[in-house]
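Novice: Here you go, sequence then predicted model.
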Amino acid sequence: MTTTNRSIDDEWRRWIGENLLLDAPPPALHGALVGHGFDAAEASREIEAALASPYFQGATRLRNRLRKREWILSVYGALNRMRATGGVIERRERLSRDEFFEQYYFQNRPVIITGAFDFWPARRTWSFDYFRQRCGDREVEVQFGRESDADYEINQPTLKRLMRFGEYVDLVERSGATNDFYMTANNTSQNRTALAALWPDVPTIDTYLDAASPDTGFFWMGPAGTKTPFHHDLTNNFMAQVIGRKQIKLVPLVDTPHMANHLHCYSQVDGSAIDYERFPSMHNAQLIECTLAPGELLFLPIGWWHYVEGLDASVTMTFTNFLQSNDFSRHYATYHEL
(Lines give C-alpha, C1' and ligand atoms only; values in the text may rest on other atoms or scores of the structure.)
Protein backbone atom coordinates (compact mmCIF):
# COMPACT_ATOMS: atom_id res chain seq x y z
CA MET A 1 0.00 0.00 0.00
CA THR A 2 1.31 3.47 -0.85
CA THR A 3 2.25 5.49 2.20
CA THR A 4 0.55 8.79 2.98
CA ASN A 5 1.28 11.73 5.23
CA ARG A 6 -0.87 10.29 8.01
CA SER A 7 0.50 10.81 11.50
CA ILE A 8 0.15 8.24 14.25
CA ASP A 9 -2.21 9.72 16.83
CA ASP A 10 -2.92 8.77 20.44
CA GLU A 11 -5.55 6.21 19.46
CA TRP A 12 -2.99 4.36 17.36
CA ARG A 13 -0.42 4.72 20.18
CA ARG A 14 -2.92 3.07 22.53
CA TRP A 15 -3.30 0.28 19.95
CA ILE A 16 0.48 -0.16 19.79
CA GLY A 17 0.80 -0.27 23.58
CA GLU A 18 -2.07 -2.69 24.07
CA ASN A 19 -0.78 -5.11 21.44
CA LEU A 20 2.76 -4.98 22.80
CA LEU A 21 1.35 -5.86 26.24
CA LEU A 22 -0.43 -8.79 24.57
CA ASP A 23 2.98 -9.97 23.28
CA ALA A 24 2.39 -9.11 19.63
CA PRO A 25 5.82 -9.14 17.87
CA PRO A 26 7.01 -5.61 17.01
CA PRO A 27 7.63 -6.58 13.34
CA ALA A 28 3.98 -7.66 13.07
CA LEU A 29 2.82 -4.34 14.49
CA HIS A 30 5.14 -2.49 12.14
CA GLY A 31 3.71 -4.35 9.16
CA ALA A 32 0.15 -3.58 10.26
CA LEU A 33 0.90 0.13 10.64
CA VAL A 34 2.55 0.32 7.23
CA GLY A 35 -0.40 -1.58 5.80
CA HIS A 36 -2.70 1.13 7.15
CA GLY A 37 -0.77 3.81 5.29
CA PHE A 38 1.70 5.04 7.90
CA ASP A 39 5.29 5.86 7.06
CA ALA A 40 7.63 2.94 7.84
CA ALA A 41 10.18 5.10 9.66
CA GLU A 42 7.50 6.76 11.77
CA ALA A 43 6.02 3.36 12.63
CA SER A 44 9.43 2.15 13.80
CA ARG A 45 9.95 5.26 15.93
CA GLU A 46 6.56 4.91 17.60
CA ILE A 47 7.06 1.24 18.45
CA GLU A 48 10.55 1.91 19.81
CA ALA A 49 9.25 4.87 21.83
CA ALA A 50 6.51 2.70 23.32
CA LEU A 51 8.97 -0.02 24.33
CA ALA A 52 11.29 2.54 25.93
CA SER A 53 8.56 4.45 27.76
CA PRO A 54 8.58 4.17 31.58
CA TYR A 55 4.78 4.22 31.37
CA PHE A 56 4.89 1.08 29.22
CA GLN A 57 7.38 -0.54 31.57
CA GLY A 58 5.06 0.19 34.49
CA ALA A 59 2.15 -1.32 32.57
CA THR A 60 4.30 -4.39 31.89
CA ARG A 61 4.82 -4.90 35.63
CA LEU A 62 1.08 -4.64 36.19
CA ARG A 63 0.45 -7.10 33.35
CA ASN A 64 2.83 -9.60 34.98
CA ARG A 65 1.02 -9.29 38.31
CA LEU A 66 -2.25 -10.00 36.50
CA ARG A 67 -0.65 -13.02 34.85
CA LYS A 68 0.27 -14.31 38.30
CA ARG A 69 -3.39 -14.07 39.29
CA GLU A 70 -4.40 -15.88 36.11
CA TRP A 71 -1.98 -18.65 37.04
CA ILE A 72 -3.60 -18.96 40.46
CA LEU A 73 -7.01 -19.23 38.80
CA SER A 74 -5.67 -21.91 36.46
CA VAL A 75 -4.52 -23.95 39.46
CA TYR A 76 -8.00 -23.86 40.96
CA GLY A 77 -9.44 -24.86 37.59
CA ALA A 78 -7.05 -27.78 37.19
CA LEU A 79 -7.79 -29.05 40.69
CA ASN A 80 -11.54 -28.81 40.10
CA ARG A 81 -11.26 -30.86 36.91
CA MET A 82 -9.56 -33.61 38.91
CA ARG A 83 -12.76 -34.16 40.88
CA ALA A 84 -14.70 -37.25 39.80
CA THR A 85 -17.74 -35.08 39.01
CA GLY A 86 -15.79 -32.00 37.96
CA GLY A 87 -17.06 -32.13 34.37
CA VAL A 88 -20.79 -32.49 35.02
CA ILE A 89 -23.57 -30.64 36.81
CA GLU A 90 -24.67 -32.97 39.58
CA ARG A 91 -28.37 -33.62 40.15
CA ARG A 92 -29.37 -33.96 43.79
CA GLU A 93 -32.82 -34.79 45.13
CA ARG A 94 -34.08 -32.38 47.83
CA LEU A 95 -30.57 -31.39 48.88
CA SER A 96 -30.39 -30.45 52.55
CA ARG A 97 -29.73 -26.85 53.54
CA ASP A 98 -26.38 -27.58 55.20
CA GLU A 99 -25.07 -29.70 52.36
CA PHE A 100 -26.15 -27.18 49.74
CA PHE A 101 -24.31 -24.31 51.40
CA GLU A 102 -21.24 -26.30 52.47
CA GLN A 103 -20.73 -28.31 49.27
CA TYR A 104 -21.98 -25.93 46.56
CA TYR A 105 -22.66 -22.34 47.64
CA PHE A 106 -19.45 -21.83 49.60
CA GLN A 107 -17.38 -23.82 47.10
CA ASN A 108 -18.68 -21.99 44.00
CA ARG A 109 -20.01 -25.20 42.40
CA PRO A 110 -23.22 -25.50 40.36
CA VAL A 111 -25.84 -28.14 41.13
CA ILE A 112 -29.31 -29.07 39.91
CA ILE A 113 -31.72 -29.77 42.76
CA THR A 114 -34.83 -31.82 42.04
CA GLY A 115 -38.01 -31.82 44.11
CA ALA A 116 -37.15 -28.51 45.79
CA PHE A 117 -40.27 -26.64 44.67
CA ASP A 118 -42.78 -29.40 44.03
CA PHE A 119 -44.94 -27.68 46.68
CA TRP A 120 -45.45 -24.62 44.48
CA PRO A 121 -49.01 -24.09 43.23
CA ALA A 122 -47.33 -22.92 40.01
CA ARG A 123 -46.19 -26.50 39.33
CA ARG A 124 -49.86 -27.49 39.02
CA THR A 125 -51.61 -24.39 37.75
CA TRP A 126 -49.31 -22.35 35.51
CA SER A 127 -50.24 -22.53 31.85
CA PHE A 128 -50.88 -20.06 29.05
CA ASP A 129 -54.63 -20.18 29.75
CA TYR A 130 -54.02 -19.56 33.45
CA PHE A 131 -51.84 -16.54 32.67
CA ARG A 132 -54.51 -15.04 30.43
CA GLN A 133 -57.16 -15.61 33.07
CA ARG A 134 -55.18 -14.20 36.00
CA CYS A 135 -53.26 -11.29 34.46
CA GLY A 136 -54.28 -11.03 30.80
CA ASP A 137 -55.33 -7.38 31.02
CA ARG A 138 -52.23 -6.19 32.89
CA GLU A 139 -49.64 -4.11 31.04
CA VAL A 140 -46.20 -5.68 30.98
CA GLU A 141 -42.79 -4.76 29.61
CA VAL A 142 -41.13 -7.01 27.00
CA GLN A 143 -37.92 -6.79 24.98
CA PHE A 144 -38.50 -6.67 21.21
CA GLY A 145 -36.17 -6.38 18.21
CA ARG A 146 -33.47 -8.62 19.67
CA GLU A 147 -32.78 -10.41 16.39
CA SER A 148 -31.97 -7.15 14.61
CA ASP A 149 -29.42 -6.07 17.24
CA ALA A 150 -26.23 -8.12 17.58
CA ASP A 151 -25.69 -6.59 21.04
CA TYR A 152 -29.27 -7.14 22.20
CA GLU A 153 -28.30 -7.98 25.76
CA ILE A 154 -26.05 -4.97 26.20
CA ASN A 155 -28.63 -2.72 24.49
CA GLN A 156 -31.67 -4.21 26.21
CA PRO A 157 -32.70 -0.88 27.82
CA THR A 158 -33.50 0.43 24.32
CA LEU A 159 -35.53 -2.62 23.29
CA LYS A 160 -38.47 -2.28 25.69
CA ARG A 161 -42.12 -2.31 24.67
CA LEU A 162 -45.32 -2.21 26.74
CA MET A 163 -48.23 -4.50 25.88
CA ARG A 164 -51.05 -6.46 27.48
CA PHE A 165 -49.83 -9.65 29.10
CA GLY A 166 -52.58 -11.64 27.37
CA GLU A 167 -51.33 -10.45 23.98
CA TYR A 168 -47.79 -11.45 24.89
CA VAL A 169 -48.95 -14.90 26.03
CA ASP A 170 -50.74 -15.34 22.69
CA LEU A 171 -47.56 -14.31 20.86
CA VAL A 172 -45.39 -16.79 22.76
CA GLU A 173 -47.91 -19.58 22.31
CA ARG A 174 -48.30 -19.23 18.54
CA SER A 175 -44.77 -18.24 17.51
CA GLY A 176 -42.09 -20.57 16.29
CA ALA A 177 -38.54 -20.55 17.57
CA THR A 178 -37.27 -16.97 17.80
CA ASN A 179 -35.05 -14.74 19.91
CA ASP A 180 -36.79 -11.57 18.76
CA PHE A 181 -38.86 -11.05 21.91
CA TYR A 182 -38.33 -12.09 25.50
CA MET A 183 -39.53 -11.07 28.96
CA THR A 184 -36.53 -11.21 31.31
CA ALA A 185 -35.32 -10.08 34.73
CA ASN A 186 -34.36 -6.78 33.12
CA ASN A 187 -38.09 -6.03 32.79
CA THR A 188 -38.78 -6.67 36.48
CA SER A 189 -39.48 -3.12 37.64
CA GLN A 190 -42.66 -3.04 35.56
CA ASN A 191 -43.62 -6.70 35.61
CA ARG A 192 -43.32 -7.59 39.29
CA THR A 193 -46.22 -5.23 40.00
CA ALA A 194 -48.18 -6.11 36.87
CA LEU A 195 -47.98 -9.85 37.56
CA ALA A 196 -48.41 -9.64 41.33
CA ALA A 197 -51.31 -12.11 41.16
CA LEU A 198 -48.85 -14.84 40.13
CA TRP A 199 -46.46 -14.41 43.04
CA PRO A 200 -48.52 -16.40 45.62
CA ASP A 201 -48.03 -19.37 43.28
CA VAL A 202 -44.24 -19.30 43.85
CA PRO A 203 -43.71 -19.08 47.64
CA THR A 204 -40.19 -18.90 49.03
CA ILE A 205 -38.10 -22.08 48.89
CA ASP A 206 -37.17 -21.48 52.50
CA THR A 207 -34.73 -24.39 52.68
CA TYR A 208 -32.28 -22.11 50.87
CA LEU A 209 -33.88 -18.68 50.50
CA ASP A 210 -34.81 -15.87 52.88
CA ALA A 211 -38.58 -15.42 53.09
CA ALA A 212 -38.14 -12.06 54.84
CA SER A 213 -36.15 -10.58 51.96
CA PRO A 214 -37.82 -7.91 49.79
CA ASP A 215 -36.40 -9.77 46.78
CA THR A 216 -39.24 -12.05 45.73
CA GLY A 217 -37.84 -13.33 42.44
CA PHE A 218 -37.72 -12.53 38.73
CA PHE A 219 -40.12 -13.76 36.03
CA TRP A 220 -38.79 -14.92 32.63
CA MET A 221 -41.05 -15.95 29.75
CA GLY A 222 -40.39 -16.47 26.06
CA PRO A 223 -40.75 -18.77 23.07
CA ALA A 224 -38.41 -21.55 22.02
CA GLY A 225 -35.23 -20.04 20.62
CA THR A 226 -34.76 -17.28 23.19
CA LYS A 227 -31.11 -16.77 24.02
CA THR A 228 -29.16 -15.18 26.82
CA PRO A 229 -25.57 -14.71 25.60
CA PHE A 230 -22.50 -15.71 27.57
CA HIS A 231 -22.15 -13.50 30.63
CA HIS A 232 -21.53 -13.79 34.34
CA ASP A 233 -23.63 -12.43 37.19
CA LEU A 234 -22.52 -10.46 40.23
CA THR A 235 -24.62 -12.62 42.56
CA ASN A 236 -25.32 -16.28 43.16
CA ASN A 237 -28.57 -17.28 41.44
CA PHE A 238 -31.25 -19.93 41.44
CA MET A 239 -33.07 -20.79 38.20
CA ALA A 240 -36.37 -22.54 38.87
CA GLN A 241 -37.72 -24.02 35.64
CA VAL A 242 -41.54 -24.06 35.70
CA ILE A 243 -42.61 -24.55 32.05
CA GLY A 244 -40.53 -25.88 29.13
CA ARG A 245 -36.85 -26.76 28.93
CA LYS A 246 -33.67 -24.70 28.65
CA GLN A 247 -30.21 -25.70 27.46
CA ILE A 248 -27.43 -24.12 29.50
CA LYS A 249 -23.70 -23.93 28.81
CA LEU A 250 -21.48 -23.00 31.73
CA VAL A 251 -17.83 -22.03 32.11
CA PRO A 252 -16.32 -21.80 35.62
CA LEU A 253 -15.35 -18.48 37.16
CA VAL A 254 -11.69 -19.56 37.18
CA ASP A 255 -11.69 -19.71 33.36
CA THR A 256 -12.60 -16.02 33.00
CA PRO A 257 -9.23 -15.23 31.30
CA HIS A 258 -10.32 -17.38 28.33
CA MET A 259 -13.77 -15.84 27.85
CA ALA A 260 -13.02 -12.79 25.62
CA ASN A 261 -14.55 -10.51 28.23
CA HIS A 262 -14.74 -7.19 26.38
CA LEU A 263 -17.24 -5.19 28.45
CA HIS A 264 -18.55 -5.44 32.01
CA CYS A 265 -19.87 -9.01 32.45
CA TYR A 266 -20.25 -9.86 28.76
CA SER A 267 -18.28 -12.13 26.46
CA GLN A 268 -17.70 -11.87 22.71
CA VAL A 269 -18.01 -15.67 22.43
CA ASP A 270 -21.23 -16.82 20.75
CA GLY A 271 -22.52 -19.62 22.94
CA SER A 272 -24.79 -21.02 20.24
CA ALA A 273 -21.81 -21.95 18.03
CA ILE A 274 -18.43 -21.33 19.63
CA ASP A 275 -15.89 -20.13 17.06
CA TYR A 276 -12.68 -21.73 18.30
CA GLU A 277 -10.71 -20.31 15.38
CA ARG A 278 -11.62 -16.75 16.36
CA PHE A 279 -11.33 -17.46 20.10
CA PRO A 280 -8.65 -20.18 20.40
CA SER A 281 -8.34 -19.55 24.14
CA MET A 282 -11.76 -21.19 24.53
CA HIS A 283 -9.97 -24.52 24.06
CA ASN A 284 -8.60 -23.90 27.58
CA ALA A 285 -12.00 -23.18 29.12
CA GLN A 286 -13.98 -25.98 30.72
CA LEU A 287 -17.38 -26.08 29.02
CA ILE A 288 -20.14 -27.89 30.92
CA GLU A 289 -23.63 -28.35 29.48
CA CYS A 290 -26.95 -29.35 30.94
CA THR A 291 -30.66 -29.28 30.09
CA LEU A 292 -32.96 -27.87 32.76
CA ALA A 293 -36.40 -29.50 32.80
CA PRO A 294 -39.63 -28.41 34.52
CA GLY A 295 -39.40 -28.90 38.27
CA GLU A 296 -35.61 -28.56 38.36
CA LEU A 297 -33.69 -25.88 40.27
CA LEU A 298 -30.25 -24.87 38.97
CA PHE A 299 -27.78 -23.17 41.27
CA LEU A 300 -25.67 -20.76 39.20
CA PRO A 301 -22.63 -19.76 41.28
CA ILE A 302 -21.44 -16.17 41.17
CA GLY A 303 -18.97 -15.45 38.39
CA TRP A 304 -19.77 -18.57 36.35
CA TRP A 305 -20.23 -17.74 32.68
CA HIS A 306 -23.47 -19.06 31.25
CA TYR A 307 -25.28 -19.17 27.93
CA VAL A 308 -28.99 -20.06 28.03
CA GLU A 309 -31.26 -21.08 25.15
CA GLY A 310 -34.94 -21.98 25.31
CA LEU A 311 -35.68 -25.40 23.80
CA ASP A 312 -39.42 -24.88 24.27
CA ALA A 313 -41.72 -22.00 25.12
CA SER A 314 -40.66 -21.57 28.70
CA VAL A 315 -41.26 -19.86 32.02
CA THR A 316 -38.50 -19.53 34.60
CA MET A 317 -38.29 -17.91 38.02
CA THR A 318 -34.90 -16.74 39.31
CA PHE A 319 -33.89 -15.82 42.85
CA THR A 320 -30.94 -14.20 44.62
CA ASN A 321 -32.23 -13.91 48.22
CA PHE A 322 -30.18 -16.73 49.74
CA LEU A 323 -30.01 -17.34 53.48
CA GLN A 324 -26.25 -16.71 53.32
CA SER A 325 -24.64 -13.45 52.21
CA ASN A 326 -24.95 -12.73 48.50
CA ASP A 327 -23.57 -9.19 48.48
CA PHE A 328 -20.52 -9.49 46.21
CA SER A 329 -20.99 -6.46 43.97
CA ARG A 330 -19.92 -3.91 46.57
CA HIS A 331 -16.32 -3.86 45.35
CA TYR A 332 -17.06 -4.46 41.68
CA ALA A 333 -15.88 -1.31 39.91
CA THR A 334 -15.65 -2.14 36.19
CA TYR A 335 -19.25 -1.83 35.02
CA HIS A 336 -18.26 0.20 31.96
CA GLU A 337 -14.97 -1.62 31.40
CA LEU A 338 -14.11 -5.27 31.96
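Specialist: Here it is on my side, so go on. Residues are numbered from 1 along each chain as shown.
Novice: Provide a list of residues in contact with the residue nearest the centre of the chain.
Specialist: The centroid of the chain falls nearest to H231 when counting by CA atoms, centre = their mean (1.9 Å). Going by CB atoms under 8 Å, 6 or more residues apart in numbering, H231 touches E153, C265, Y266, S267, W305, H306. For glycine as for every other residue, the C-beta is placed from the backbone atoms N, C-alpha and C.
Novice: For R109, which non-adjacent residue is closest in space?
Specialist: P301 (6.4 Å; CB to CB, 6 or more residues apart in numbering).
Novice: how close does that neighbour sit to L234?
Specialist: Separation of P301 from L234 (CB to CB, to the nearest Å) stands at 12 Å.
Novice: quick one: which of the two has more around it?
Specialist: P301 (22 against 17; other CB atoms under 10 Å).
Novice: what residues are up against that one?
Specialist: Contacts of P301 (CB under 8 Å, 6+ apart): Y104, Y105, N108, R109, P110, N236, L253.
Novice: ok, and for the lengthiest helix in the chain, which residues are buried?
Specialist: As assigned by DSSP state H, the longest helix anywhere in the chain is helix 54-82. Residues A59, L73, G77, N80 are the ones in helix 54-82 that count as buried (16 or more other CB atoms under 10 Å).
Novice: any idea how far P54 is from the nearest residue to the first one once chain neighbours are set aside?
Specialist: By the measure of CB to CB, 6+ apart, the closest residue to A59 outside its immediate chain neighbours is L21, 6.0 Å from it. L21 sits at a distance of 14 Å from P54 (criterion: CB to CB).
Novice: If we ignore the residues flanking it in sequence, what's nearest Y182?
Specialist: Per CB to CB, 6+ apart, closest to Y182 is G222, 4.0 Å.
Novice: what stretches of the protein score poorly on pLDDT?
Specialist: Applying pLDDT under 70 to the chain flags the ranges 1-5, 338.
Novice: how about a cut-off of 50?
Specialist: Along the chain, segments meeting pLDDT under 50 span 1-3.
Novice: Tell me where it has helices.
Specialist: Using DSSP H, helices in the chain cover 10-21, 26-35, 40-52, 54-82, 97-100, 122-125, 128-135, 165-174, 188-194.
Novice: and of these, who's closest to F279?
Specialist: Across those, F279 has its closest neighbour in helix 54-82 (16.3 Å, CB to CB).
Novice: Which neighbouring elements make contact with the closest one?
Specialist: In terms of contacts (3 or more CB pairs under 8 Å, 6 or more residues apart in numbering; DSSP states H and E), helix 54-82 is packed against helix 10-21.
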